[in-house]
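Colleague: build the 3D model from these lines:
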Amino acid sequence: MKIIDTFLFSEPYEKESLLIKLILGGEFIAEWIIVENEYTFQGEYKGVFARQVLDSDERFAPFLDRIHIISANIKYSPIDYSRKDVDTQGMDSERRQRSLAREYIINRYSDDTWVLLSDADEALDLVSDSENYKLLVQKLNSANDLVCIPRRRFWYDFDNLWNAVRATPITTVARLRTAAGDMDMGFLRSDHIGTTHEWERTLVFEYSYCYERAYILRKFRTFPHGGMTDREITQSIRCNHIPISAFRGKKLDLHRDLWMEKVTLTPENSPRYVRENLAWLRTNVVETNYQQNRLTDYPTLYTVRHRALFAIKQAIKKVLRHL
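Modeller: Numbering: from 1, shown residues only. As a prediction, this is how the structure comes out:
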């Protein structure tokens, strides 16, 4: 079974995540196709960096003969925040960039080749345990032309778990041949990354914003979903939750999938490479007293009254879902 991985790459701060992706894919990935662009998804010129990153660090040497880089010079329009479709504007730019890999892939690979539609910070782990590849093959053999692989998510640090499980799609070249529009391959990714059920083994690990604080802020300023302020992002790090954007009218509550927690890494929840190198991979950006910060910054959430009302609302929602 032939598997390739295509993903977007932005700036040099993504280097360690990129290396993790390559190491965890190992010999099981026939080729990694990197798609980069000289402009950010919010219209700012930045240049391209993938070749520079790969050639400047000898740790990438074992993988260079299986990496193909597609570099583009597409100037996306700055996001217009006066419109209601802010996220759509940014995501359309991402979909167009991602779809640039389609022609290369369909001209080079046979219809039965599987293509992982991922990001630079999403790693398919096929090397930590011999059972991982067997499980993936089993899932692909029992599918038609698209499988949504559950993705365990770590944000801000390599041992800081966000329990909201999402998916990374893997599809066939045959399916890509039907994705003829300038965003259609991108839609194959964005339409299939939602909530999903976990498998018996975790095969995809996401390490988003696992950078020093300045680069976390940089990524939020350049990625497709604009409108979050530095203050909101800094607050999310202080109390270890997802950014709550006033622009989008979001509010923080006790929902489990809004909060992140520091965890002990085990063979069940993390790749071997990350566990073995955690001491120097750690970003240490999450404040050690984040739990106390929550009590200080959001006292209303932790009152007996609010906890009781929240529990009642959740119970009602559960009942309604089963009617």
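Colleague: so what touches the helix ranked longest in the chain?
Modeller: Ranked by residue count, the top helix of the chain under DSSP state H comes out as helix 304-321. By C-beta atoms under 8 Å, 6 or more residues apart in numbering, the surrounding residues in contact with helix 304-321 are 253, 254, 300. Just so you know, the C-beta spots here come from the backbone N, C-alpha and C atoms, and that holds for glycine as well.
Colleague: not counting sequence-adjacent ones, nearest residue to the second one?
Modeller: The shortest distance from residue 254 to any residue that is not its chain neighbour, by C-beta to C-beta, 6 or more residues apart in numbering, is 5.0 Å, and that residue is residue 310.
Colleague: looking at the contacts of helix 304-321, state which has the most neighbours.
Modeller: Of all the contacts of helix 304-321, the highest neighbour tally under other C-beta atoms under 10 Å goes to residue 254, namely 16 neighbours.
Colleague: I'd like to know how far residue 143 sits from residue 187.
Modeller: When C-beta to C-beta, to the nearest Å is the yardstick, residue 143 and residue 187 sit 19 Å from each other.
Colleague: with residue 226 instead?
Modeller: Spatial separation of residue 226 from residue 187 under the definition C-beta to C-beta is 20 Å.
Colleague: tell me which of these two has more neighbours.
Modeller: It is residue 226, of residue 226 and residue 187, that has more neighbours when counted by other C-beta under 10 Å, with 21 against 16.
Colleague: going by residue numbers, what spans are helices in the chain?
Modeller: Remark: helices of the chain, listed N- to C-terminal, are 15-25, 50-55, 86-98, 102-108, 130-141, 173-177, 184-190, 213-222, 230-239, 272-276, 278-281, 290-297, 304-321; assignment by DSSP H.
Colleague: what is the third one packed up against?
Modeller: Counting contacts by 3 or more C-beta pairs under 8 Å, 6 or more residues apart in numbering; DSSP states H and E, helix 86-98 is packed against strand 3-8, strand 31-37, helix 184-190.
Colleague: show me the beta-bridge partners of residue 170.
Modeller: The bridge-partner assignment for residue 170, based on DSSP bridges, gives residue 116, residue 147.
Colleague: isn't residue 201 right next to residue 134, touching?
Modeller: No. Under the criterion of C-beta atoms under 8 Å, residue 201 lies out of contact with residue 134, with a separation of 9.5 Å.
Colleague: compare neighbour counts for those two and give me the winner.
Modeller: Set side by side, residue 201 and residue 134 show unequal neighbour counts under other C-beta under 10 Å, the larger going to residue 201 at 16 against 12.
Colleague: excluding chain neighbours, give the residue nearest to that one in space.
Modeller: With C-beta to C-beta, 6+ apart, the residue lying closest to residue 201 is residue 135, at 5.4 Å.
Colleague: any idea of the pLDDT on residue 185?
Modeller: Residue 185 is assigned 97 on the pLDDT scale.
Colleague: hang on, the earlier thing: in a markdown table: the helices of the chain, plus distance to residue 37.
Modeller: Putting the helices of the chain into a markdown table (distance: least, C-beta to C-beta, whole Å) gives the following:
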| stretch | distance to residue 37 |
| --- | --- |
| helix 15-25 | 16 |
| helix 50-55 | 11 |
| helix 86-98 | 5 |
| helix 102-108 | 15 |
| helix 130-141 | 30 |
| helix 173-177 | 20 |
| helix 184-190 | 13 |
| helix 213-222 | 11 |
| helix 230-239 | 23 |
| helix 272-276 | 28 |
| helix 278-281 | 27 |
| helix 290-297 | 35 |
| helix 304-321 | 41 |
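Colleague: tally of neighbours for the closest residue to residue 172 other than its chain neighbours?
Modeller: With sequence-adjacent residues excluded and distances taken as C-beta to C-beta, 6+ apart, residue 172 is closest to residue 145, at 4.4 Å. The number of residues packed around residue 145, counting by other C-beta under 10 Å, is 16.
Colleague: how about residue 186?
Modeller: The local packing of residue 186 (other C-beta under 10 Å) involves 25 other residues.
Colleague: repeat for residue 143
Modeller: Around residue 143 sit 14 other residues, with neighbours defined as other C-beta under 10 Å.
Colleague: same deal with residue 19?
Modeller: The number of residues packed around residue 19, counting by other C-beta under 10 Å, is 18.
Colleague: cool, and the one 4 residues further on?
Modeller: By the other C-beta under 10 Å criterion, the neighbourhood of residue 23 contains 21 residues.
Colleague: if I look at it, how far off is residue 60?
Modeller: According to C-beta to C-beta, residue 23 and residue 60 sit 10 Å apart.
Colleague: thinking again about what came up before, the residue nearest to residue 172 against residue 169, yeah?
Modeller: No. Counting by C-beta under 8 Å, residue 145 does not reach residue 169; the two are 10.6 Å apart.
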